[in-house]
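> give the three-dimensional model of this entry:
(one chain, ligands or ions: 1)
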Amino acid sequence: MEVKVLKTSPSICNPQLFRSPRPSSLFSLQTKKNPSFRLLAASTGHGVRPTHSSDASPPPPPPPLRSSKKRVDESEILTLDSIRQSLIRQEDSIIYSLLERSQYCYNADTYNRNVFYMDGFHGSLVEFMVRETERLHAQVGRYKSPDEHPFFAEDLPEPMLPPLQYPQALSKRIHYGKFVAEAKFRASPEAYEAAIRAQDRDHLMRLLTYETVEAAIVERVEMKARTFGQELNGNGDQDGSPIYKIKPSLVADLYGDWIMPLTKQVQVEYLLRRLD
Ligand SMILES: O=C(O)C(=O)C[C@]1(C(=O)O)C=C[C@@H](O)C=C1
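Down below sits the predicted model:
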């Protein structure tokens, strides 16, 4: 997994993403539970209408689908709070994936570019598998979702099917930076606009960094790794301390050294293009 993180730089979608008429998976998944979205859907004639079996008169005809009302997204999905909640939920998936991976030995050969030979391909077995998996997933439309990103974006086939959603761990979490960045920009456009116009990466990085939030995240993921990853079928090691499937501090370091810095890198790249 560390190979994935090292070998790829985050890909940034155009900020126009947020103005796209196509429902993104992030929005379509999360708006289902959002009451304000349901109100909006009903007011524009796109919501599900309740049926009243006791009504004697026939129901009035539905309003035309193309309402003259402006469709405005009044949900609060893009607030920093709701995005932070999504990031917290993703922690569980990431920690579980790390625990799952920790059950297998490290096999250096699978990461070695010179061990695996295949006509027309030069790379490691892991790279081959990731590339081919991504080609398959691309064909069913995975990367058409704005919160789904391939590690190897070059030469992916076009989808053969309408988009589907797949669970993902690290790449999705890191690319959530786009949503975080948009929320921050909307919360204080003036502060960000100056730095964007100056294309000042360092200033943007300072603006979007919340050290206390980061410290709380590192502490929380270590606690989660400790809780989720404790071996329950043993009595601990010689001195009675619990045994963990994966060292909890490793998960905390992964967040502190990789996941959050890459998420911030995505935020900076996104913001630099925000006024284009
Ligand atoms: O919560 C935020 O404000 C974020 O930008 C997300 C995040 C993270 O990756 O978790 C990144 C930068 C901040 O310094 C704190 C946390």
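> is it true that Leu99 touches Phe228?
Yes - with contact defined as Cβ atoms under 8 Å, Leu99 counts as touching Phe228 (6.4 Å). In short, each C-beta sits where N, CA and C put it, glycine included.
> up against the ligand, what does the stretch 151-276 of the chain have?
Val180, Leu208, Thr209, Tyr210, Val213, Glu214, Ile217, Met260, Thr263, Lys264 (Cβ under 6 Å from any ligand atom).
> if you set the cut-off to 8 Å instead, what comes out?
Residues of the stretch 151-276 of the chain lying close to the ligand by Cβ under 8 Å from any ligand atom are 173, 176-177, 180-181, 184, 208-211, 213-214, 217, 255, 259-260, 263-264, 267.
> show me where the stretch 101-250 of the chain dips below the pLDDT cut-off.
162-168, 234-236 (pLDDT under 70).
> quick one: the helices in it?
Here the stretch 101-250 of the chain has its helices, by DSSP state H, counting those that start in this stretch, at 125-139, 170-175, 177-187, 189-197, 201-208, 211-228, 248-254.
> turn the ones you listed into JSON lines, columns for mean neighbour count and distance to Gln85.
Output for the helices of the stretch 101-250 of the chain, formatted as JSON lines (neighbours: other Cβ atoms under 10 Å; distance: least, Cβ to Cβ, whole Å):
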{"stretch": "helix 125-139", "mean neighbour count": "16", "distance to Gln85": "26"}
{"stretch": "helix 170-175", "mean neighbour count": "21", "distance to Gln85": "13"}
{"stretch": "helix 177-187", "mean neighbour count": "21", "distance to Gln85": "12"}
{"stretch": "helix 189-197", "mean neighbour count": "14", "distance to Gln85": "22"}
{"stretch": "helix 201-208", "mean neighbour count": "16", "distance to Gln85": "18"}
{"stretch": "helix 211-228", "mean neighbour count": "16", "distance to Gln85": "13"}
{"stretch": "helix 248-254", "mean neighbour count": "19", "distance to Gln85": "20"}
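> of the ones you listed, which is nearest Ile94?
Closest to Ile94 of the helices of the stretch 101-250 of the chain, according to Cβ to Cβ: helix 170-175, at 6.3 Å.
> quick one: list the elements packing against the closest one.
helix 2-7, helix 80-101, helix 260-272 (3 or more Cβ pairs under 8 Å, 6 or more residues apart in numbering; DSSP states H and E).
> of those helices, which shows the lowest average pLDDT?
Of all the helices and strands packed on helix 170-175, mean pLDDT reaches its minimum on helix 2-7 (a mean of 29).
> and Leu254, how far from Ser102?
12 Å (Cβ to Cβ, to the nearest Å).
> coming back round to it: mind checking the helices of the stretch 101-250 of the chain for the one nearest to Ser145?
Taking Cβ to Cβ, helix 170-175 is the member of the helices of the stretch 101-250 of the chain nearest to Ser145, at 9.4 Å.
> what about Tyr270, neighbour count?
Look at Tyr270: counted by other Cβ atoms under 10 Å, it has 26 neighbours.
> tell me the buried residues in stretch 151-165?
Residues Phe151, Phe152, Leu156, Pro159, Pro163 are the ones in stretch 151-165 that count as buried (16 or more other Cβ atoms under 10 Å).
> let me know the closest of those to the ligand.
When those are ranked by distance to the ligand (Cβ to the nearest ligand atom), Phe151 comes first, at 18.9 Å.
> surely that closest one meets Arg135?
No - using Cβ under 8 Å, Phe151 is not in contact with Arg135; the gap is 11.7 Å.
> tally of neighbours for the closest residue to Ser86 other than its chain neighbours?
In this structure, Ser86 finds its nearest non-sequential neighbour in Tyr176, 6.5 Å apart by Cβ to Cβ, 6 or more residues apart in numbering. When neighbours are defined as other Cβ under 10 Å, Tyr176 has 20 of them.
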